[in-house]
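A.B. asks: below are the sequence and a predicted model for it; my questions follow.
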Amino acid sequence: MDCRKLEITVVSANNLEDVRVFFGKTAVHARVSINGKPETERRTPTDTHGNQNPSWEFTTTYIIMETMLQSCNAMLVVKLYCDRNAGDRYIGEVYISLMELFECAKYNGGGDEKSSNQQQVEPADDDICGRRSAVMTLPVMKGCVQSQGALKISYSFSDKVSFDQLLMAENVAPLII
């Protein structure tokens, strides 16, 4: 079985909806997962200074099976929440197929390319190790309706390695999705 390492950086968001009803700052964190599965969820630190324009520069890594990059069903999900004393309040989410992420990175971003869900792709150079990378700005959705704001992520895929090589190189069996 073949797999790749996916490194995702949740860079920032801008112009998010203010979900604070009465007073106070909007303190926002993001939860990143694959297909919304709780066991794959990673949480950014809370940005307490950015209000509706939080910045995180939070990087996380997943090991992705090659078959997940050939199906539209495998999704990267980033949900945004406002921290509150009475419990987190949902702001919105971004979701995109891993296949689409890979295709955009495969062609090194393309610069002016836009897809049907109005994402913006910026070119990113391949690094020395042959990673394929890109930077995307995606609209924040609330349900099936476009909400206010956008989320910026950068990401890279490593070269394909066989499952056996990966196990010999790293002890990552519990991290494989």
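C.D. replies: Good, I have the coordinates. Numbers count the residues shown, from 1 in each chain.
A.B. asks: C-alpha from now on. contacts and neighbour counts both.
C.D. replies: Noted.
A.B. asks: now do the buried residues in the lengthiest helix in the chain.
C.D. replies: Longest helix in the chain by number of residues (criterion: DSSP state H): helix 98-106. Residues of helix 98-106 classed as buried: 98-102, 104-106 (neighbour count, 16 or more other C-alpha atoms under 10 Å).
A.B. asks: would you mind writing the CA trace of it as CSV?
C.D. replies: These are the backbone C-alpha positions of helix 98-106, laid out as CSV (Å, rounded to 0.1, in the frame of the first residue of the first chain):
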residue,chain,number,x,y,z
LEU,A,98,-8.2,15.6,-0.5
MET,A,99,-8.2,14.7,-4.2
GLU,A,100,-8.8,18.4,-5.1
LEU,A,101,-6.1,19.5,-2.7
PHE,A,102,-3.7,17.0,-4.3
GLU,A,103,-4.6,18.1,-7.9
CYS,A,104,-4.1,21.8,-7.1
ALA,A,105,-0.7,21.0,-5.5
LYS,A,106,0.2,18.7,-8.4
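A.B. asks: for it, the averaged confidence score.
C.D. replies: For helix 98-106, mean pLDDT is 88.
A.B. asks: so what touches that helix?
C.D. replies: With C-alpha atoms under 8 Å, 6 or more residues apart in numbering as the contact definition, helix 98-106 has outside contacts at 68-72, 74-76, 110, 121, 132-134, 156-157.
A.B. asks: could I have the buried ones of these as PyMOL selection syntax?
C.D. replies: If you want just the buried ones from the contacts of helix 98-106 in PyMOL, going by 16+ other C-alpha under 10 Å, the selection is:
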select buried, resi 68+69+74+75+76+110+121+132+133+134+156+157
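A.B. asks: of the contacts of helix 98-106, which belong to helices?
C.D. replies: Short answer: those have none in helices (DSSP H).
A.B. asks: nearest to residue 38 among the contacts of helix 98-106?
C.D. replies: Each of those was checked against residue 38 using C-alpha to C-alpha; the closest is residue 76, at 12.6 Å.
A.B. asks: nearest to residue 27, of the contacts of helix 98-106?
C.D. replies: Comparing every one of the contacts of helix 98-106 with residue 27 (C-alpha to C-alpha), the shortest separation belongs to residue 76, at 22.8 Å.
A.B. asks: leaving out sequence neighbours, find the closest residue to the closest one.
C.D. replies: Spatial nearest neighbour of residue 76, excluding adjacent residues (C-alpha to C-alpha, 6 or more residues apart in numbering): residue 34 at 4.8 Å.
A.B. asks: right, and that neighbour touches residue 79 too?
C.D. replies: No - in this structure, residue 34 is not within contact of residue 79 by C-alpha atoms under 8 Å, at 11.3 Å.
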